[in-house]
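**Student:** What follows is a predicted structure for the sequence shown.
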Amino acid sequence: MAQDPDPAMGWTNTGHLRPSWALTPGAGQESVWDYPRPPAIVSDPREVVVSLGVMEIARSRRTVRVLETASPPTFYVPWVDVTPGVLVPADGASWCEWKGEARYWSLVTEEGRIDEVAWAYPQARAAFAGLRDCVAFYPSRVECFVASERVRPQPGGFYGGWITREIVGPFKGEPGTGGW
């Protein structure tokens with residue numbers, strides 16, 4: 001398929017036309033190249049578990065996925081489904097053109113503190129208000145599961161997408177994707 005240009009945003013793929021070099025999804029799979037830009041928020045009733053070894057950090061069947069062109073979905077867990085007291089605010093913030101300012105969270109364990117395992121948008125822009133009471137976790141820093149399947153982290157140190165068997169790419173963050 002041809003690329004879907006959006007020169008005003010400096011982005012050539014917006015989920016309307018899958019690029020020819022993107023993998024074709026099989027039965028029961030999703031291509032990240034079919035996800036929209038700007039991103040969409042979709043409820044997901046599957047059980048999501050976030051842990052570190054035997055320590056359960058969160059468990060929910062009320063998550064939402066953020067679906068954005070070129071990235072695996074990011075699962076956001078309602079704060080009410082996070083074990084109280086295990087996350088503490090971390091230094092720093094980042095900016096998303098769609099969601100607004102992200103704040104980071106560190107995990108407190110018996111062995112100490114693990115910095116920036118999660119992030120949240122407590123004052124997300126109106127279109128993403130559904131994220132205000134949720135937190136997302138980096139599957140590269142903690143163990144994340146969707147319907148008992150262990151999540152693989154999105155390539156690259158910054159991104160927090162969750163890769164499962166149902167998701168095909170290529171994904172932003174892999175070598176050679178710096179211009180995406």
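**Tutor:** Done, it's in.

**Student:** low-scoring stretches of this structure, by residue?
**Tutor:** Applying pLDDT under 70 to the chain picks out residues 1-11.

**Student:** could I have stretch 148-156 exported to CSV, CA atoms only?
**Tutor:** Only the C-alpha atoms of stretch 148-156 are listed here, as CSV (Å, rounded to 0.1, in the frame of the first residue of the first chain):
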residue,chain,number,x,y,z
SER,A,148,-1.3,-14.6,30.8
GLU,A,149,1.0,-13.8,27.8
ARG,A,150,4.3,-12.2,28.8
VAL,A,151,4.7,-8.9,27.0
ARG,A,152,7.8,-8.1,25.0
PRO,A,153,9.0,-4.4,25.3
GLN,A,154,9.0,-2.1,22.3
PRO,A,155,12.5,-1.5,21.0
GLY,A,156,14.3,1.6,22.1
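
**Student:** ok, residues contacting it?
**Tutor:** Defining contact as CB atoms under 8 Å, 6 or more residues apart in numbering, one finds that stretch 148-156 is touched by 47, 71-72, 138-140, 143-145, 160-165, 171-175, 177. (C-beta placed from N, C-alpha, C; glycine too.)

**Student:** The chain: helices as residue ranges?
**Tutor:** For the chain, applying DSSP state H gives no helices.
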